[in-house]
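# Here is my input, please return the structure:
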Amino acid sequence: MENEIEAPWSEHTVIEESDLLDNLSDAGEWREDKIKASSFIVSPSYGTLDYGGFVNFLRNKFMFFALSEEDIQKSERPHLEAQQLSDYRDDAKMDGKWGELILFTMVEGFLDIPMMSHKLGWKQNPTDQVKGSDGLFFGEYEGSPTLGIGEAKMYTDLDDGIEEALDSTDRFHGEDSQLRNQHELTVAMGNPSDNLSKEKIELLSSLFTGESQDYQMLHPIFVGYEDTELEEYQTKPVEDDQELVDQLQNHIEDTDLLSKVTDSLEDDYSHLRKHWLTFFFLPLEDKDRFVENVKAAIYPWTTNH
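A predicted model of the protein is given here:
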């Protein structure tokens, strides 16, 4: 039997890429040096984007965002337990955890890098509350051991979303960042996910307490944004759903997401190019309605009319 310390980090993920791709369609990927921009669209059904299917997927994965597989198996009502760990907010537009939930599914599903700690549980201990990243991950990326410090933004305007994501990411490389990063990692290792093996947790503890940084840094960044042209594409008859996907792929290609990222990196954030930056983009017809629907699916007894 393979030694746990040698087992791939990907064995500790809980989100399958195939499940994600049942609900999202690939809309293109572009690279420049250490920067990658990937776009997805909500998969269509009979000529319209099936937001309901993607919302249900997120609802079903919410418990995995909040709890380990072991905790879920032990719990009689894991979804309720996950709800109780999360802070409920009336206004879904101001609740960042929906973007964090999508980021979690994409990093685990598309990058095969497991989440280190379930941050929703940190608030149970006031001393562990940290205003830090939107997700901590550790695994292998481009063939090397990698710490993933994630950010998630959902903005009406695409350019604003990219700018705010880079501004938040920059906090991990600015003044006092070393102390702040170490504090967040210490809290995370005090609350490790049981999805990781004991051996992997011990390895992480030794890595984060060592004098040298024996791993590279990756910033996985999710940006959800509004694209008002999505509606127009759905008003035209198509032969099948793939035709609509092809049309939207061409539309997003014209958006030139990679150039928007590289342009935003110039000047104030150019130093971030030293690190791996992986962007996941998701255009939406109505961002606010989408997050309200996610909230209603996860907290079904509430609606915000």
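
# In which helix or strand does the spatially most central residue of the chain reside?
Centroid check for the chain by Cα atoms, centre = their mean gives residue 103 as the closest residue, at 0.8 Å. Per DSSP states H and E, residue 103 falls inside helix 97-110.

# by contact count, what packs against the helix or strand just after that helix?
On the C-terminal side of helix 97-110, the nearest following helix or strand under DSSP H and E is strand 136-141. Counting contacts by 3 or more Cβ pairs under 8 Å, 6 or more residues apart in numbering; DSSP states H and E, strand 136-141 is packed against strand 144-149, helix 177-190, strand 216-226. (C-beta placed from N, C-alpha, C; glycine too.)

# tell me the pLDDT at the residue nearest to the centre of the chain?
Listed pLDDT for residue 103 reads 98.

# So it versus residue 149, what's the distance?
Distance of residue 103 to residue 149, computed by Cβ to Cβ, to the nearest Å: 11 Å.

# what is in contact with those two at once?
The contact sets of residue 103 and residue 149 overlap at residue 135 (Cβ atoms under 8 Å, 6 or more residues apart in numbering).

# Show me the strands in the protein, by range?
Taking DSSP state E as the test, the strands found in the chain are 24-32, 35-42, 44-45, 48-49, 136-141, 144-149, 151-155, 216-226, 276-284.

# Please tell me how far stretch 216-236 is from the chain's geometric centre.
13 Å (Cα atoms, centre = their mean, to the nearest Å).

# Give me the neighbour count for residue 268.
Per other Cβ atoms under 10 Å, the neighbour tally for residue 268 reads 12.

# which ones are touching it?
Counting by Cβ under 8 Å, 6+ apart, residue 268 makes contact with 166, 170.

# How about the one 10 residues further on?
For residue 278, the contacting residues are 36, 38, 111, 218-221, by Cβ under 8 Å, 6+ apart.

# now the residue nearest to the centre of the chain: how far from residue 13?
14 Å.

# same thing with residue 253?
The gap separating residue 253 from residue 13 is 30 Å, by Cβ to Cβ.

# For residue 14, which non-adjacent residue is closest in space?
In space, residue 14 comes closest to residue 64 once its chain neighbours are excluded; the distance is 4.9 Å by Cβ to Cβ, 6 or more residues apart in numbering.

# Next, the contact list for the one you found, please.
Going by Cβ under 8 Å, 6+ apart, residue 64 touches 14-15, 72, 104.

# Now the two most distant members of those residues.
72 and 104 (14.6 Å; Cβ to Cβ).

# more crowded one of these two?
Between residue 72 and residue 104, counted using other Cβ under 10 Å, the more crowded position is residue 104 (29 against 17).

# Surely the more buried one touches residue 136?
No: look at residue 104 against residue 136 with Cβ atoms under 8 Å: they stay out of range, at 10.4 Å.

# Now the common contact residues for these two.
When contacts are counted by Cβ under 8 Å, 6+ apart, residue 104 and residue 136 are jointly contacted by residue 115.

# Low-confidence stretches in the stretch 151-300 of the chain?
Within the stretch 151-300 of the chain, the segments meeting pLDDT under 70 span 211-212.

# try it again with 80
Low-confidence segments of the stretch 151-300 of the chain (pLDDT under 80): 175-176, 210-212.

# quick one: low-confidence ranges for the stretch 1-150 of the chain?
In the stretch 1-150 of the chain, residues with pLDDT under 80: 1-6, 86-96, 120-132.

# if we go to 90?
1-7, 79-80, 82-97, 119-133 (pLDDT under 90).

# Could you save the strands of the chain as TSV and add columns showing distance to residue 234?
Formatted as TSV, the strands of the chain follow (distance: least, Cβ to Cβ, whole Å):
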stretch	distance to residue 234
strand 24-32	14
strand 35-42	11
strand 44-45	8
strand 48-49	5
strand 136-141	34
strand 144-149	34
strand 151-155	21
strand 216-226	15
strand 276-284	13
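
# ok so, going back, so how far is residue 80 from the residue nearest to residue 14?
In this view, residue 64 and residue 80 are 15 Å apart by Cβ to Cβ.
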